[in-house]
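In: Prediction below, plus the sequence it came from.
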Amino acid sequence: MIKAIRGTKDILPDESRRWQKIEDESRGILNTFGYNEIRTPLIEETGLFVKTVGEDTDIVKKEMFSFVDRGQRDISLRPEGTAAIVRAYLENNLYKAQTFQKFFYIGPMFRAERPQAGRLRQFHQIGIEAIGSNHPALDAEVINILIKLLEAAGLKNYQLKLNNLGCREDRKLLSKILKEAFSKRPTVRLLCDDCKRRLKANPLRMLDCKNENCKRVVKGHFKTAEYLCKDCKEHFDEVIRFLNLLKIPYLADPYIVRGLDYYTRTVFEVTAQNLGAQNAIGAGGRYDNLISDMGGPKLGACGFALGLDRMMLALTANENSMSEKNGLALFIATIGKTAYDKAFSLLNELRNDKISCDIDYENKSLKSQMRAADKMEARLVLIIGDDEIKRQEAVLRDMKTKEQTNVKFTGIVDMVKAKLE
RNA sequence: GUGGCUAUAGUGUAGUGGUUAGCACAACAGACUGUGGCUCUGUUUGUACGGGUUCGAAUCCCGUUAGCCACCCCA
C-alpha cells in the first residue's frame, strides 16, 4: 500500500470543516483591513529563494525541496510566501499602477525538516504582505491583524514578542561588534559549537541561541538597542506608540532574530502554549531592502506568516474546538426499483432548488436507510414505496417531532421548502 | 539533519516466549418482516513492513518505514 509522503498528511472531512471555518473568518478579517488575496505558484526558480531568504539560512541550505526539471531548470517548492509575492509584485508591474498594495495568501509551504508534531514537510500558512510603505503604523497594523486572526480562531494563551533589528547598516554594525567581542581566544571558548560557527557565518543568530551559557555570555556583551541608528530607533518608538494606541500587549525581546535574511527593523513572533518546542505559531517583520534587492524600486514592506497546522494543534490542546456537522435537509428513503427511480429524479429537482438532500447507494433496508438518515442528521425524511407510487404521494417525516404527512408528488418541492423554512 | 522513544481491528487499549490475540467504542446486520436515536443479539476487521533467534515470537535481536520527544530550525 502506498502511503502519504513523510511529513505530509491528509486533512480529512472532519478536520477540513474546522479549516474552512477558520479560513473563512480570516478572509473576512483581511477583507476589512483592505488586503486582497494573491495566489502564486507552488514552484519557483530556486534562485528566488536563495537570493531572498538567504544563502546561509537553514531554510535554503538544507530544507528546500529542490529539483532539476526536464528543461534543466533549477526549481524548488516554495518554503515560504514572501519571496514569491514580491516577485509577482515586480514581475506584473503592480507598483506602477499603485505603489502601496496589501496582499494576503493562504496555502501550503514545503520544508524538508524532520517531522514532529507541529512540524510538517508540507505545512500551511496564512500570511500578509503590505508593500510600498515605511510608515510605522503599518508595522502595528500588521501585528494587529495577526492578533485578530488568532483571536478569531479562539486561541487564548499566546504571547507577542517584539524586537527591532535595525536597518542593513545597523545589522552590519551589530555583526561587526559581535565578531569583535568574540574575536579573542578566551571569549570564543565560552560559546557552544553552534555559536562558534554562527560567529563566522551569521553572528546575529548567536542572539537567539538556546544554550544557557551562550545566553549569559552574549547578553553580557551588548544590548541590541544601543546599535540602532537614529532613524531606526525612532521608527521602533513609533511602532510601539501605535501598538499602545491599539492596546496590544507585547513583550520587548532584544534576542529575537528571524531565520530569514531579508528582515530589517521590526521583527515579531507569537508563541502559543501546548505546542512543545514547536511553539512559534506566527511571525513576521519588516523587509525594507528586499524589493530593491530584487531589482525593484526602493520600497519598504512588512508582513507575517501564521502557521495554520500549528494553530489547529494549539486549538485542540485548548479544547476550544468543536466540529459541527452540516446536517442534511432531507433524506429520501425508498423501497423498490420504481420508487428509487422516482426518488432519484426528485433528488435532482430538490438540489436544483439548493436543498441539501441525499439517498441510499447501497441497496439498504428501510430500517438501515432510516439509520443512515439519522446519522447524517437529516431534518426530514421522504419515504417512497410501492403504495406511495400507486397513490402518487410520498410520506414526509420530520425526524425531530416524528410527525408524518402525506404529500402529493407534484407538491413535494414546495412542501419541503415550507417545512425547512 | 543528530540523538532517543514508540508501532496490536476504523479509534482507544490488554496481552513480558506457549492453545483459536482479549476488551471498549465505532461500523454492519437483525429483534414477528414499510420507519432512526435507547436497549438487546449477532457479524466483520488487527500484531507497520522485511529478515533472524527459537520446538514455538505480538513478546527477544537486526534492518526498513512511519510517528512522537529533545536538539537543530521555524510557522
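Out: Good, I have the coordinates. Here the structure is a predicted model, which is why all the values come from computation and not from measurement.
In: Close to RNA strand B: what parts of the stretch 51-200 of chain A are there?
Out: For the stretch 51-200 of chain A, the residues in contact with RNA strand B (Cβ under 7 Å from any atom of the strand) are A:57-59, A:62-63, A:80, A:111, A:113-120, A:123, A:125, A:194, A:198. To be clear about C-beta, it is placed using only N, CA and C from the backbone, and glycine gets the same treatment.
In: Go ahead and confirm residue A:6 touches residue A:121.
Out: Yes. Counting by Cβ atoms under 8 Å, residue A:6 sits close enough to residue A:121 to count as a contact (6.6 Å).
In: and the two? which has more neighbours close in?
Out: Counted by other Cβ atoms under 10 Å, residue A:6 and residue A:121 do not tie: residue A:121 has more neighbours, with 20 against 10.
In: how near is the more buried one to residue A:77?
Out: Between residue A:121 and residue A:77 the distance, using Cβ to Cβ, to the nearest Å, works out to 9 Å.
In: Overlap of the contact sets of these two?
Out: Residues touching both residue A:121 and residue A:77 (Cβ atoms under 8 Å, 6 or more residues apart in numbering) are A:65, A:110.
In: circling back: pull out the buried members of the residues of the stretch 51-200 of chain A next to RNA strand B.
Out: Neighbour counting with 16 or more other Cβ atoms under 10 Å marks A:57-59, A:63, A:80, A:111, A:118-120, A:123, A:125, A:198 as buried within these.
In: Check the burial of residue A:279 by counting its neighbours.
Out: Using other Cβ under 10 Å, residue A:279 has 17 neighbouring residues.
In: how about it, what does it touch?
Out: By Cβ under 8 Å, 6+ apart, residue A:279 lies in contact with A:118, A:271-273.
In: Which one (most neighbours) among these?
Out: Neighbours here are counted as other Cβ under 10 Å. On that basis the top member of the contacts of residue A:279 is residue A:272, with 25 neighbours.
In: Show me where the stretch 301-421 of chain A has its strands.
Out: Counting by DSSP state E, counting those that start in this stretch, the stretch 301-421 of chain A has strands at residues A:301-307, A:330-334, A:357-359, A:380-384, A:393-398, A:404-408.
In: Which of these sits closest to RNA strand B?
Out: strand A:301-307 (3.1 Å; Cβ to the nearest atom of the strand).
In: Residue A:276 and residue A:116: what is the separation?
Out: Taken as Cβ to Cβ, the spacing of residue A:276 relative to residue A:116 amounts to 8 Å.
In: biggest helix in chain A by residues?
Out: Of all the segments assigned as helix in chain A under DSSP state H, the longest by residue count is helix A:13-32.
In: Now do the contacts for the closest residue to residue A:301 other than its chain neighbours.
Out: If the residues on either side of it in the chain are set aside, residue A:301 comes closest to residue A:131, at 4.2 Å by Cβ to Cβ, 6 or more residues apart in numbering. Counting by Cβ under 8 Å, 6+ apart, residue A:131 makes contact with A:85-86, A:89, A:95, A:100-103, A:291, A:299, A:301.
In: circling back to that earlier point, what touches both of residue A:6 and residue A:121?
Out: Each of residue A:115 lies in contact with both residue A:6 and residue A:121 under the rule Cβ under 8 Å, 6+ apart.
In: What is the subsequent helix or strand relative to the longest helix of chain A?
Out: Remark: after helix A:13-32, the chain's next helix or strand is strand A:36-37, criterion DSSP states H and E.
In: Quick check: what element follows that following strand along the chain?
Out: Trace forward from strand A:36-37 with DSSP H and E and the next one is strand A:43-45.
In: in chain A, what residue is nearest RNA strand B?
Out: residue A:259 (1.0 Å).
In: any idea how far residue A:290 lies from residue A:349?
Out: With distances defined as Cβ to Cβ, the gap from residue A:290 to residue A:349 amounts to 56 Å.
In: coming back round to it: identify, from the contacts of residue A:131, the entry nearest to residue A:331.
Out: Proximity of the contacts of residue A:131 to residue A:331 (Cβ to Cβ) peaks at residue A:103, which lies at 43.5 Å.
In: State the distance from the spatially closest residue to the closest one that is not a sequence neighbour to residue A:162.
Out: Counting by Cβ to Cβ, 6+ apart, residue A:103 lies nearest to residue A:38, which is 4.4 Å off, once chain neighbours are set aside. Between residue A:38 and residue A:162 the computed distance is 26 Å (Cβ to Cβ).
In: swap in residue A:56?
Out: Taking Cβ to Cβ as the measure, residue A:56 falls 25 Å from residue A:162.
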